[in-house]
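K.L.:
the sequence isn't on hand, but the structure is:
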């Protein structure tokens with residue numbers, strides 16, 4: 001009975017932790033192995049901690065930029081607009097936000113194209129704004145907004 005229930009209660013293979021065996025011989029040993037990425041060092045999957053600090057840095061930067069234009073009043077929702085603009089433009093054309101650059105991260109397309117591009121960057125940013133897609137990830141460390149835009153956040157150093 002447990003073998004039967006385990007096949008559907010355990011969830012899909014994509015959520016298995018690295019090293020877990022799905023029973024079909026396709027288990028992975030580390031995050032990013034199925035994507036052809038290295039286990040450690042440049043090009044490996046970025047940790048959730050680094051990603052969290054990077055987005056926090058971007059939020060603070062956006063609030064500061066918006067504050068410059070709204071001083072002496074608080075920036076209110078202008079911070080959000082500033083964050084959208086900074087994130088979409090930076091990721092589309094450079095592959096990283098200021099927070100990513102500080103923490104040694106980069107957004108890369110899985111198809112190997114050098115630029116993320118405006119449509120993918122806008123999709124990623126819009127889904128990050130919804131929060132839920134950004135806090136649900138698979139065994140490769142890819143959040144739902146990465147999966148939707150066919151991207152991955154990797155380390156550059």
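P.N.:
Right, received. Where do you want to start? Because the structure is a prediction, the values reported are computed rather than measured.

K.L.:
looking at it, residue 45 is touching residue 154, isn't it?
P.N.:
Yes: taking contacts as C-beta atoms under 8 Å, residue 45 lies within contact range of residue 154: 6.4 Å. (Glycine included, C-beta is placed from N, CA and C.)

K.L.:
what is in contact with these two at once?
P.N.:
Residues touching both residue 45 and residue 154 by C-beta atoms under 8 Å, 6 or more residues apart in numbering: 32, 37.

K.L.:
settle it for me: which of those two has more neighbours?
P.N.:
Neighbours per residue, other C-beta atoms under 10 Å: of residue 45 and residue 154, the larger number sits with residue 45, 24 against 21.

K.L.:
so who does the more buried one touch?
P.N.:
Residue 45 sits in contact with 31, 32, 35, 37, 140, 141, 142, 152, 153, 154, 155, where contact means C-beta under 8 Å, 6+ apart.

K.L.:
mind doing that once more with 7 Å?
P.N.:
With contacts taken as C-beta atoms under 7 Å, 6 or more residues apart in numbering, residue 45 has the following neighbours: 31, 32, 37, 140, 141, 152, 154.

K.L.:
buried set for stretch 85-93?
P.N.:
By 16 or more other C-beta atoms under 10 Å, the buried positions in stretch 85-93 come out as 86, 87, 88, 90, 91, 92.

K.L.:
which one of those is nearest residue 65?
P.N.:
Checking those against residue 65 with C-beta to C-beta, the nearest one is residue 86 at 7.2 Å.

K.L.:
ok, and the closest non-adjacent residue to that closest one?
P.N.:
Among residues not flanking residue 86 along the chain, residue 62 sits closest, at 5.7 Å (C-beta to C-beta, 6 or more residues apart in numbering).

K.L.:
ok, and what's touching the strand or helix carrying that neighbour?
P.N.:
Here residue 62 sits within helix 48-70, counting by DSSP states H and E. Helix 48-70 is contacted from outside by 75, 78-79, 82-83, 86-87, 97-100, 102-103, 105, 141, 153, using C-beta under 7 Å, 6+ apart.
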